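Colleague: Could you look at this predicted model? Sequence included:
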Amino acid sequence: MKLLNFLNWPIALSSIFLISIGTLVIYSSSKELAFQQLFFTIIGFIFFLGLSQLDIRVLTKFIKPLYFFIILLLSVVLIWGFETRGVIRWIPLGFFNVQPSEFSKPVLILSLAYFWAGTAPTWINIFKSLGLIAPLVLLIFKQPDLGSSLTLIAIWLGMLFASHVSAKKIAILILVATLVIPSGWLFLRQYQKERIIGFFAPESDPLGRGYNQIQSTIAVGSGQLFGRGLGRGTQSRLQFLPEYRTDFIFASIVEEMGFIGALTILSIYLFLLTFCLKVANRVSKDFNFLLVIGIFSMLICQIFVNIGMNIGILPITGITLPLISYGGSSLVATFIGLGLLASVAKSDKER
């Protein structure tokens, strides 16, 4: 009975199911990577358990140090990080590598929740909140990591709306964004521009910029209802599908497990996201409410963008599928966010 009270079962079971699906698919292609994923699952689950039992108010003392520490780590990446396929995102630590951009997500959520709690959404405060997110986005975009940059922006937007900003301010922000976003094209790397062009016309260069999108949609379509069977996906096993353990793991899963596998994953995500909103609906403190909305924004952005690019309705960008894609930093950072969610749920239950 103590264990039942100790563990937040809705979050724990959802996480275990999603990790099991992802690890099973990874194991079918590489036992070594699957065991690595299990190792990081244990590390992440320890963080989850620790944070879930922590009084959320204790964390407020560490928010500022964490914010400046993550900026330091992101700066270290640009100086001492190692390059892989033209990007510099990881700090080597011997047996494993750390990707600070993943940990910037829960840190930003904590920082914005602390900032907006009890703060009116005036224009001055909106610009101050932009000052909080700007250093993180710029340092991550420099790596370059467009996917993580977009996730941070989604977190900022979600928490801004949760701060009860007026409809007039939202309309003005949308108008400004509409005018400013096209200029972002000038700051994109060439391969990022090609991905966007390839999204609108993949058939114009099927072996180049349109290749990833075409192979991903082929994999998803070939899965049909029940899939080809675990380990029998031709697109992933014959390596036509790129990054089939990370960015395109959803396409790999659907090819092997079919529509039933996709529906299972979407149902678990829907349950987890619904749980987030239920917790947000019953909390009484602004900080807790904003924290939950930040976690919800992080999860739904990554889920929507990753699955969207896998099925061909969004341009391709490097973003992981929470708790399913291979990657230690992403997995642990997601567990940290879920631990914060469980802590809020626990504190509200005890209230």
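Modeller: Right, received. Where do you want to start?
Colleague: ok, the spatially closest residue to Ile197 that is not a sequence neighbour - how many residues close by?
Modeller: Distances taken as C-beta to C-beta, 6 or more residues apart in numbering put Arg209 closest to Ile197, at 6.0 Å, once the chain neighbours are dropped. For the C-beta atoms, the positions are set from N, CA and C on the backbone; glycine is no exception. Residues near Arg209, counting by other C-beta atoms under 10 Å, number 20.
Colleague: Arg209 against Gln190, yeah?
Modeller: No. Taking contacts as C-beta atoms under 8 Å, Arg209 lies outside contact range of Gln190: 10.1 Å.
Colleague: Where is the longest helix in this protein?
Modeller: helix 249-282 (DSSP state H).
Colleague: Which neighbouring elements make contact with whatever helix or strand comes next after that helix?
Modeller: Downstream of helix 249-282, the next assigned helix or strand under DSSP states H and E is helix 286-310. Counting contacts by 3 or more C-beta pairs under 8 Å, 6 or more residues apart in numbering; DSSP states H and E, helix 286-310 is packed against helix 56-59, helix 100-116, helix 146-162, helix 211-222, helix 249-282, helix 328-350.
Colleague: And helix 286-310, what's buried?
Modeller: 286-303, 305-310 (16 or more other C-beta atoms under 10 Å).
Colleague: What mean pLDDT does that helix get?
Modeller: When pLDDT is averaged over helix 286-310, the result is 96.
Colleague: That helix vs helix 100-116, what angle?
Modeller: For helix 286-310 against helix 100-116, the angle by axes from the mean of the first three to the mean of the last three C-alpha atoms, to 10 degrees is 140 degrees.
Colleague: Helix 286-310: how far from the chain's middle?
Modeller: Put simply, helix 286-310 sits 7 Å off its chain's centre (C-alpha atoms, centre = their mean, to the nearest Å).
Colleague: next one: stretch 49-67
Modeller: Counting by C-alpha atoms, centre = their mean, stretch 49-67 comes out at 20 Å from the chain centroid.
Colleague: what sits up against it?
Modeller: Around stretch 49-67, the neighbours that count as contacts under C-beta atoms under 8 Å, 6 or more residues apart in numbering are 6-8, 11, 107, 110-111, 114, 132, 287-288, 291, 336, 339-340, 342-344, 346-347.
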